[in-house]
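Chemist: make a model of this:
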Amino acid sequence: MKYIVLGLGNFGKALAIRLTELGHEVIGADNKMAKVEQLKEKITHTVCMDSTDVDAVSALPLKDAHAVVVAIGEDEGASLLTTALLKQLGVKRIVGRVVSDLQKTVLEAMDIGEYLMPEEDAAGRLAMRLDNIDIVDSFKVSEKYSIIETKVPDKYIGMSLREANLTNKYRVIVLTTLKITAEEGESKVNGAKEATGIAQSDTVLAAGDILVLFGELKDINRLIQKGE
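Modeler: Modelled structure (predicted):
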């Protein structure tokens, strides 16, 4: 697939590099030549341009792109002008980055249905980890449901999922378990996570494993607290 990422700050850079690594063709654009030069070996194509300039944007292969991501964060005005310009040029799929409620309101008024709030999402995930030391990571699926990564409570170490009976006891679903691997001398906190596949009733919970749970946060917290 082909993607265009406008704005190569921390978020846009990470997105463009990852999409390239996944095998997609990516055009990364920024108005600062230093950023463009820095990333030309890591992104399929890079270009230095002003994304609020209609002639510059029109020269991009917009019709061939599966999506155009407006990843500009610092300059809300430039972000909104760029989005409006893409809308005017008939781009079918625009994904916007939102850094304020006002910007979100304007995007919704422009009928931009896809937008990302990376700072807010990251803050929410950090708050979850700070609130409960046993939570490794979290993802909010809806107002009611979340996916949570948490350490296996000591009480359940050595048990199979059938024996632990977590779904019936706490109304949560174990999606998978993660093994944490670390290089010699490296802390497991910074280790790589490896999923063991879809959880089965005979999956055994080992010390140091991470449970990936789906359910309501209150039920997941109940499991964590009672599993101590």
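Chemist: and the contacts of the lowest-mean-pLDDT helix or strand in the chain?
Modeler: Counting by mean pLDDT, DSSP states H and E, the weakest-scoring helix or strand in the chain turns out to be helix 118-131, with a mean of 72. Residues from elsewhere that reach helix 118-131 (C-beta atoms under 8 Å, 6 or more residues apart in numbering): F11, R97, V99, I135, V136, D137, S138, F139, K140, I148. Any C-beta I mention is one placed from the backbone N, CA and C, and that applies to glycine too.
Chemist: check these for burial and list the buried ones.
Modeler: Using 16 or more other C-beta atoms under 10 Å as the burial test, the contacts of helix 118-131 include F11, R97, V99, I135, V136, D137, S138, I148 as buried.
Chemist: now tabulate those residues in TSV and tack on secondary structure.
Modeler: Putting the buried ones among the contacts of helix 118-131 into TSV (DSSP: H, G, I helix; E, B strand; the rest coil) gives the following:
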residue	secondary structure
F11	helix
R97	strand
V99	coil
I135	strand
V136	strand
D137	strand
S138	strand
I148	strand
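Chemist: of those, which is the nearest to G77?
Modeler: Nearest to G77 out of the buried ones among the contacts of helix 118-131 is V99 (C-beta to C-beta; 11.7 Å).
Chemist: neighbours of the residue nearest to the closest one when sequence neighbours are not counted, just the number please.
Modeler: Spatially, and ignoring its direct neighbours in sequence, V99 is nearest to G73 (5.4 Å; C-beta to C-beta, 6 or more residues apart in numbering). Residues within reach of G73, counting by other C-beta atoms under 10 Å, total 18.
Chemist: do you know how far G73 is from Y145?
Modeler: Distance of G73 to Y145, computed by C-beta to C-beta, to the nearest Å: 28 Å.
Chemist: strands of the protein, residue ranges please.
Modeler: Ranges of strands in the chain, per DSSP state E, are 2-6, 25-30, 45-48, 67-70, 94-97, 114-116, 135-140, 145-151, 173-181, 192-198, 210-216.
Chemist: now do the same for E74: its pLDDT.
Modeler: Predicted confidence (pLDDT) for E74: 77.
Chemist: switch to numbering from 36
Modeler: Fine by me, first position is 36 from now on; the one you just mentioned is E109.
Chemist: surely it meets G44?
Modeler: Yes - contact criterion C-beta atoms under 8 Å: E109 and G44 qualify, at 6.7 Å.
Chemist: higher neighbour count, these two?
Modeler: Comparing E109 with G44 by other C-beta under 10 Å, the one with more neighbours is G44, at 16 against 9.
Chemist: nearest spatial neighbour of that one, skipping sequence neighbours?
Modeler: In space, G44 is closest to G108, 5.4 Å off (C-beta to C-beta, 6+ apart).
Chemist: what about that neighbour, distance to L240?
Modeler: Taken as C-beta to C-beta, the span from G108 to L240 is 41 Å.
Chemist: also I255?
Modeler: 16 Å.
Chemist: S181 now?
Modeler: Applying C-beta to C-beta to S181 and L240 gives a distance of 20 Å.
Chemist: what does M194 give?
Modeler: 6 Å.
Chemist: out of the two, which sits in the more crowded spot?
Modeler: Set M194 next to L240 and count neighbours by other C-beta under 10 Å: L240 wins out with 21 against 16.
Chemist: isn't the more buried one up against Y191?
Modeler: Yes - checked against C-beta under 8 Å, the pair L240 and Y191 is within contact range at 5.1 Å.
Chemist: need the residues touching each of those two.
Modeler: A199.
Chemist: beta partners of the closest residue to V103 other than its chain neighbours?
Modeler: Take V103 and drop its neighbours on the chain: the residue closest to it by C-beta to C-beta, 6+ apart is I39, 4.5 Å away. For I39, the beta-bridge partners are I62, V103 (DSSP bridges).
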